[in-house]
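Q: pasting the sequence and the predicted model now:
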Amino acid sequence: MALTWSTEDVNDADTVCKITLTEDRPGEGLVAGDTIWNPVTTALVWASIQTGIGRITEANAAEVYARINFIEELSGPFLVRGTGEPHNITPEEVHAHIGLWTNVTYKDEPRSKFFKRLEFDLNGAKARYERAVAKEGATA
């Protein structure tokens, strides 16, 4: 299934979710004055897959931020700025994107299921390691 999303319900979406370039980006075919999606918006869209939360609301924004922060602590920031510096998603950025919607889930995934998915991923990584070591041992 394709990932779909909407910024229609984000307050001041044209300012929050889009940026106007101030300089050319020849490698990307973009010129100063072009309007593009804010990289934070794009990161939040893709982060919805990992967080299991498809819509940022007033009620769940803190949980969205907590899960993103947790994931970033484990695997690094979702964003790298143009300067090459890593950028962790901030509480203010999540708050500004209240109303962002994706088709990841129709209901918020409970925290218990979120952690169960992480456990599944850990078990899969452990099994891959054990298979690789066993294979290596068989050929040594």
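A: Alright, I've got the coordinates.
Q: run through the helices of this structure in chain order.
A: Listed in chain order, the helices of the chain (DSSP state H) span 13-16, 39-51, 61-75, 91-96, 111-139.
Q: need the residues that contact stretch 110-127.
A: 51-52, 63, 67 (C-beta atoms under 8 Å, 6 or more residues apart in numbering). In this view, the C-beta of every residue, glycine as well, is placed from N, C-alpha and C.
Q: mind running it again at 6 Å?
A: residue 52 (C-beta atoms under 6 Å, 6 or more residues apart in numbering).
Q: average pLDDT for it?
A: Stretch 110-127 shows a mean pLDDT of 82.
Q: mind listing what's buried in that stretch?
A: For stretch 110-127, the buried set under the neighbour-count rule, 16 or more other C-beta atoms under 10 Å, comprises residue 114.
Q: one step back: buried deepest among the helices of the chain, which one?
A: helix 39-51 (a mean of 20; mean count of other C-beta atoms under 10 Å).
Q: quick check, central residue of the protein?
A: With distances taken as C-alpha atoms, centre = their mean, residue 47 lies nearest the centre of the chain, 2.0 Å away.
Q: ok so, going back, can you list the helices of the chain in JSON lines and add distance to residue 82?
A: Shown next, in JSON lines, are the helices of the chain (distance: least, C-beta to C-beta, whole Å):
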{"stretch": "helix 13-16", "distance to residue 82": "19"}
{"stretch": "helix 39-51", "distance to residue 82": "9"}
{"stretch": "helix 61-75", "distance to residue 82": "19"}
{"stretch": "helix 91-96", "distance to residue 82": "17"}
{"stretch": "helix 111-139", "distance to residue 82": "31"}
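Q: still on that earlier bit, for residue 122, see how far away the residue nearest to the centre of the chain is.
A: According to C-beta to C-beta, to the nearest Å, residue 47 stands 19 Å off from residue 122.
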